[in-house]
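> Return a 3D structure for these sequence lines:
(one chain, ligands or ions: 4)
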Amino acid sequence: VSALKQSSPPRVPLHDLFPSDDFPIGELRSYDTASETKVRTKSCELRCEVRRSLEDSTFLNDYRKAAEVHRQVRQWVQQTIKPGQTLTDIAIGIEDSVRALLGNAGLEPGHSLQAGMGFPTGLSLNHCVAHYTPNPGQKDIVLQHEDVMKVDFGVHINGWIVDSAFTVAFDPTYDNLLAAVKDATNTGIRNAGIDVRISDVSAAIQEVMESYEVEIRGKMFPVKPVRNICGHDIKHYRIHGEKTIPLVKNSDQTKMEEGEIFAIETFGTTGCGFVKDDNGIYGYGLSNNSPRQVALPLTSANRLYKTIKENFGTLVFCRRYLDRLGCERYLAGVKLNYIQDLNCLVSNGILEPYQPLVDVPGSYSAQFEHVRKHTSTSTEQSCSGSQRKKFLVE
Ligand SMILES: O=S(=O)(c1cccs1)N(Cc1ccc(F)cc1)Cc1ncn[nH]1
Ligand SMILES: [Mn+2]
Ligand SMILES: [Mn+2]
Ligand SMILES: [Mn+2]
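Ligands and ions are numbered 1, 2, ... in the order given. The predicted model follows:
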């Protein structure tokens, strides 16, 4: 490995740190073939197709590289984040670093389809559980000593998305809340595997999460799993597919299958354990069943639609990423229009909006998230946060 080391903030492309693309391999767990030969529910051609993509070494190498980019950026965030920073500066710090490590090719159309942010950088505070990102033109938020912030960002290479998250808290008051989600996520990871029932993973997560309590300023709270946010499978260029891993027991007999990629994430809260959409926008994604042809009333909306397809495809993006592409210049600098155009694409069923997810005000929530890939011969994962010590990582 080259003697060159990563800078702070991270700006040395991974290509220069790993000239021969020998990125660290995550935790590998092999499967005895016997268990694999169980009756296959998938049709043969689908399984073959999955095998092909798995054997195609760029798939695994893309994932390993994306995992290493994520690892180096989150380590830097964990070491440098402090009260007084604004959420916009933190988000831009993460996004500039990810893009630099990926080799920072310019803004030519379609570049961010090759490699870039897998989805908008989530920086969700306290009772806001997930899906908050600072938007341009909004009043900025300054990180406080008593905040509990979920940092959730994605890195993708050729559409292979790493979705990994950790929680930042400066006040040791919340230690048990963070310990609960770390333990619950690691339990979910340990229980996951080929042919494992989703319901078994969920039950194990719930049991561990509920074994914790946290004392906050003299009051005891049991840690509750959030029952309407789930772990999820990840598809090519799609951050969530059809399978979900709830954090509470259920009777879903669906099994995890070979070749599937899962984001195993748990959320613990001192609130009511249920989230609802808050005002504001986190991001937008091309909806699965967007109408083939649609006559958009606004030609500017049509142009924006084209820009979105060219630069993000089915990846979730946010307003900050549109500004970076110079979209507002695109519309004669009147930012107002592009928001109107986004709303037009949403109302025509082309874009699916994502909003911040909140529990009750005054409550505190934490999150830990890993990605685990079930490859035919082994399971590999990109670890998040300080559990790295727990899992063999380079
Ligand atoms: O809550 S989810 O919407 C979901 C869970 C199960 C089925 S859909 N979501 C997926 C997602 C949606 C939009 C994004 F921009 C990024 C991710 C979980 C998640 N959010 C952040 N990291 N992981
Ligand atoms: Mn180079
Ligand atoms: Mn995530
Ligand atoms: Mn996720």
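
> residue boundaries of the helices in the stretch 1-150 of the chain?
Counting by DSSP state H, counting those that start in this stretch, one finds helices in the stretch 1-150 of the chain at the ranges 14-17, 33-36, 44-55, 57-80, 87-101, 111-114.

> in stretch 296-315, what's buried?
Using 16 or more other Cβ atoms under 10 Å as the test for burial, stretch 296-315 gives 296, 300-305, 307-308, 311-315. No exception for glycine: its C-beta is placed from N, CA and C like everyone else's.

> export those to JSON lines and tack on secondary structure, pLDDT and distance to ligand 1?
As requested, the buried residues of stretch 296-315 are exported to JSON lines (DSSP: H, G, I helix; E, B strand; the rest coil; pLDDT from 0 to 100; distance: Cβ to the nearest ligand atom, whole Å):
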{"residue": "296", "secondary structure": "coil", "pLDDT": "78", "distance to ligand 1": "24"}
{"residue": "300", "secondary structure": "helix", "pLDDT": "87", "distance to ligand 1": "24"}
{"residue": "301", "secondary structure": "helix", "pLDDT": "91", "distance to ligand 1": "21"}
{"residue": "302", "secondary structure": "helix", "pLDDT": "91", "distance to ligand 1": "24"}
{"residue": "303", "secondary structure": "helix", "pLDDT": "90", "distance to ligand 1": "23"}
{"residue": "304", "secondary structure": "helix", "pLDDT": "92", "distance to ligand 1": "18"}
{"residue": "305", "secondary structure": "helix", "pLDDT": "94", "distance to ligand 1": "19"}
{"residue": "307", "secondary structure": "helix", "pLDDT": "93", "distance to ligand 1": "18"}
{"residue": "308", "secondary structure": "helix", "pLDDT": "95", "distance to ligand 1": "14"}
{"residue": "311", "secondary structure": "helix", "pLDDT": "94", "distance to ligand 1": "15"}
{"residue": "312", "secondary structure": "coil", "pLDDT": "96", "distance to ligand 1": "11"}
{"residue": "313", "secondary structure": "coil", "pLDDT": "96", "distance to ligand 1": "14"}
{"residue": "314", "secondary structure": "coil", "pLDDT": "97", "distance to ligand 1": "11"}
{"residue": "315", "secondary structure": "coil", "pLDDT": "98", "distance to ligand 1": "8"}
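
> residues from this protein in reach of ligand 1?
For the chain, the residues in contact with ligand 1 (Cβ under 6 Å from any ligand atom) are 119-120, 122, 130, 152, 163, 229-230, 232, 239-240, 244, 263, 265, 283, 316, 354.

> Could you report the pLDDT at the nearest residue to residue 128 once chain neighbours are set aside?
Here the nearest residue to residue 128 in space, its sequence neighbours aside, is residue 358; by Cβ to Cβ, 6 or more residues apart in numbering that works out to 5.1 Å. According to the per-residue confidence, residue 358 scores 99 in pLDDT.

> Need the phi and psi values for residue 358.
Residue 358 adopts backbone torsions of phi -120, psi 150, taken as degrees, to the nearest 10.
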